[in-house]
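1. 3D model of this:
(one chain, ligands or ions: 1)
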Amino acid sequence: MYLNDKPVVKSRRSSIKKRLLSVAFHSGLVRAGRGLWADSLTVLNYHRIGDVSQDGFDTFKPTVSASAEGFAAQMDYTLRWFNAVSLGDVVRWLDGQAKLPPHAALITFDDGYLDNYTLAYPILRERNLPAAIFLTTGHIEQDVPFYWELLAYCFYHTGRDAITFPNGAQMQWKDAAERNRVAMDLAESLKVLPEDEKAAWVSRLASTLDVSVPGGFFRNLMMTWEQVREMSRGGIEFGGHTVRHPILSRVSLERAGAEISDSKARVERELGKPVLGFAYPNGGRVDFNREIEKLAEQAGYRTAFSLINGPTSLREIKRNPFAIRRIFISHRHSIHEFAVLTNWVNRYRRD
Ligand SMILES: [Zn+2]
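-> This next block holds a predicted model:
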């Protein structure tokens, strides 16, 4: 999961900006200078595929990366302008056993949501595209909520109109839009708490907002191990994304090490295949560091992925395969914005 869900064109995007973007897209300007960054790896990062506008939507919107149609269009764009590679291809290249094609792209998903199996997998298979899914192993087949999903569910279903934040601030709402804003602010403010405090606070949230969550609700958002095995047999690769999804820079190094290696061991046990890649939860610059990169290396991973924007040059990856950038995709991105995001200039976009 990752919360920095901002549109490429700032909010209240004008129709002029949209039109310029469309012209840049259709004229090919959006891909100007492509030849200069051919020796790079562009890693796309998805979480969920789904329709946020459907009636009764009551889960966390920012983790919905694209609708099924939007995802299919992005995959077609990737096929046209990139050479899709697998995690195994990247590792074979690191080992000097193979070359990577120019404009290599790797498709990745984080967390292990069910729609990766029901919606994304058929679209990938139709196009014969490889992909890697990083699993939060303690949530697969378990009725254990990610805190952002619990928070979203509680705010969608509460009859209350106020809450006290962990810092003591009293927040109120008068309508659904205000309530959603408070929910997003709360998700952000929880992110900076120490993990134990956050867990304790979140465990009281349903009763604070007087909501009861139906049994199995969170388990049903996630894939089962059998679905993971089926996709693995179908060529999808799986990696580690911790057991419980703590932000690793906010827990002890000892716990970080256990989260990193235990998720690897679990996926390997379930699949009977070596696990090559790891994705840092939240993945921003402050969410991991050199010591945590070393823990991933010591656990036996060959690569690890951040959520720092933009493609990574192959030279950078050779130097350090444990901080490969990824491009966070949101359902709010149009295909034109997707084209901008996958351009080298996106490395220089201010978050
Ligand atoms: Zn995640």
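2. all helices for the stretch 151-300 of the chain, in order.
-> Applying DSSP state H, counting those that start in this stretch to the stretch 151-300 of the chain gives helices spanning 176-191, 195-203, 205-208, 225-233, 253-271, 290-298.
3. now those helices in CSV, with mean pLDDT?
-> Output for these, formatted as CSV (pLDDT from 0 to 100):
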stretch, mean pLDDT
helix 176-191, 92
helix 195-203, 90
helix 205-208, 95
helix 225-233, 98
helix 253-271, 98
helix 290-298, 98
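4. winner for burial among the ones you listed?
-> Between these, helix 253-271 has the highest mean count of neighbours, a mean of 19, where neighbours are mean count of other Cβ atoms under 10 Å. All C-beta atoms are positioned from the backbone trio N, CA, C, and that covers glycine.
5. what sits against the closest residue to the ion within the stretch 51-200 of the chain?
-> Nearest residue of the stretch 51-200 of the chain to the ion: Asp110, at 4.1 Å (Cβ to the ion). Neighbouring residues of Asp110 by Cβ atoms under 8 Å, 6 or more residues apart in numbering: 1-2, 45-47, 133-134, 136, 241, 279.
6. I'd like the helices of the stretch 151-300 of the chain as JSON lines, with distance to Ile247 appended.
-> As requested, the helices of the stretch 151-300 of the chain are arranged in JSON lines below (distance: least, Cβ to Cβ, whole Å):
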{"stretch": "helix 176-191", "distance to Ile247": "7"}
{"stretch": "helix 195-203", "distance to Ile247": "7"}
{"stretch": "helix 205-208", "distance to Ile247": "18"}
{"stretch": "helix 225-233", "distance to Ile247": "24"}
{"stretch": "helix 253-271", "distance to Ile247": "10"}
{"stretch": "helix 290-298", "distance to Ile247": "10"}
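7. next up, phi/psi of Thr158, please.
-> Per-residue torsions, Thr158: phi -80, psi 150 (degrees, to the nearest 10).
8. quick one: closest of the helices of the stretch 151-300 of the chain to Tyr77.
-> Closest to Tyr77 of the helices of the stretch 151-300 of the chain, according to Cβ to Cβ: helix 225-233, at 22.8 Å.
9. run the angle between the closest one and helix 253-271 for me.
-> 70 degrees (axes from the mean of the first three to the mean of the last three Cα atoms, to 10 degrees).
10. packing partners for helix 225-233?
-> If contacts are counted by 3 or more Cβ pairs under 8 Å, 6 or more residues apart in numbering; DSSP states H and E, helix 225-233 sits against strand 132-135, strand 237-240, helix 253-271.
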